[in-house]
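*Asks:* one predicted model, sequence on top.
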Amino acid sequence: MFFALVIALTALSGWAHYFTQSSGLQFVTTSAAIIMLAALLGRATENVAHYAGERIGGFLNATFGNAAELIIAIFLIKEGLFDMVKASITGSIIGNLLLVLGLSVIAGGLKFKEQRFNPILAGHNASLMLLSVIALFIPAVFLKQLKPERIDTLSLIIAGLLIIAYILWLIFSMITHKEELADQAVEEEIEEGQRWGKGFSIIMLVVATVFVAITSEWLVHSIEEVAHALGWSEIFVGAFVIAIVGNAAEHSAAIFLALKNKIGASVEIAVGSSLQIALFVAPTLVFVSLIFGKQMDLIFTAYELAAIGVSAFIASSISRDGNTNWYEGVLLIVVYVILGAAFYFL
């Protein structure tokens, strides 16, 4: 029944996208499909986490979600739309750190008075957030003092170092210090009748991610028309509207897991996804841009840097102790709304 409903809603949203001109109908049907795909993605992530641990499950969820964003960004780079790419990167980072983590912490905190995850992992995540802010901040500071070609060279150097740092982080966290950063035990386990096999869980994770990427693009297309009709600015649409709806399923998966007291997987999806965007996806796009003959630099606007900086600061402050409650989630959402209001009036 569950799989039939997912297939039916996905097919309906495809029909609305390709065979109707109504943005409203496209938005409603695609939103419904993404909600069901989100449930499938969350269930697949939960099953993968059962076999490989919460960190691996959350990491795979974030990676598949970011892979779709990487592909979309490559097409934007091919068209020379560097500013839109940077706005979407900004939106993804602050959306995951504030909106996804905030909603997950609230949802889990309302059901469980207190939720815990590995505090050592939280400390390392905070340090990596700081590294990403420094790496994006430095090129902007030296912009007026360097020639354009040297800015491009500096961007390449920083991009290369960030990729190396991220790869070494994966080795550190998944291999050499795997035990120290292991998941803490949770109270709730998957019921035997709902448990999938390891191979089937991975296949469902991949399939759900592929359809999430497709339907998210349909949703972005419809909401973008609605947003422009309402007179919203492109930077607001790119950094907030598209970032929210484009990652809707990934957001929902984190919330579903938090409701099952698996906050470790939720944090890995939210914080891990932001770190992956900042330390791997954005630097990779710098090198990818060379293929198309015009390099994208790492110069973000002051507004984007401010948004990323405050997001990293509050998320680090709240999650560093490896202990969360619903009120901390409220604080994250408040900061997100403040930034959204500022970008709206920009």
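*Replies:* Okay, I see it.
*Asks:* which other helices and strands contact the longest helix belonging to the chain?
*Replies:* With residue count as the measure and DSSP state H as the assignment, the chain has helix 198-229 as its longest helix. Using 3 or more CB pairs under 8 Å, 6 or more residues apart in numbering; DSSP states H and E as the contact criterion, the neighbours of helix 198-229 among helices and strands are helix 2-19, helix 23-52, helix 54-78, helix 242-246, helix 248-259. Using the backbone N, CA and C atoms, a C-beta is placed for each residue, glycine as well.
*Asks:* so what secondary structure elements neighbour the strand or helix carrying S317?
*Replies:* The secondary structure element spanning S317 is helix 302-319 (assigned by DSSP states H and E). Helices and strands touching helix 302-319, by 3+ CB pairs under 8 Å, 6+ apart, are helix 82-94, helix 101-111, helix 119-141, helix 263-276, helix 326-345.
*Asks:* buried deepest among those, which one?
*Replies:* For those, ranked by mean neighbour count under the definition mean count of other CB atoms under 10 Å, the leader is helix 263-276 at a mean of 30.
*Asks:* from the chain's centre, how far out does it sit?
*Replies:* What separates the centre of helix 263-276 from the centre of its chain is 8 Å, taken as CA atoms, centre = their mean, to the nearest Å.
*Asks:* what do you get for stretch 304-323?
*Replies:* Computed by CA atoms, centre = their mean, the chain-centroid distance of stretch 304-323 equals 15 Å.
*Asks:* give the buried residues for it.
*Replies:* Under the neighbour-count criterion of 16 or more other CB atoms under 10 Å, stretch 304-323 has 304-305, 307-316, 318-319, 322 buried.
*Asks:* tell me the one of these nearest M129?
*Replies:* Within those, proximity to M129 (CB to CB) peaks at A312, which comes in at 4.0 Å.
*Asks:* how far away is that closest one from L70?
*Replies:* To L70, A312 is 21 Å away according to CB to CB, to the nearest Å.
*Asks:* so how far does stretch 276-294 reach from one end to the other?
*Replies:* The first and final residues of stretch 276-294 sit 24 Å from each other (CA to CA, to the nearest Å).
*Asks:* quick one: average confidence on it?
*Replies:* What stretch 276-294 shows for mean pLDDT is 91.
*Asks:* re earlier: tell me which of the helices and strands packed on helix 198-229 approaches A341 most closely.
*Replies:* Judged by CB to CB, the one of the helices and strands packed on helix 198-229 that comes nearest to A341 is helix 242-246, at 14.5 Å.
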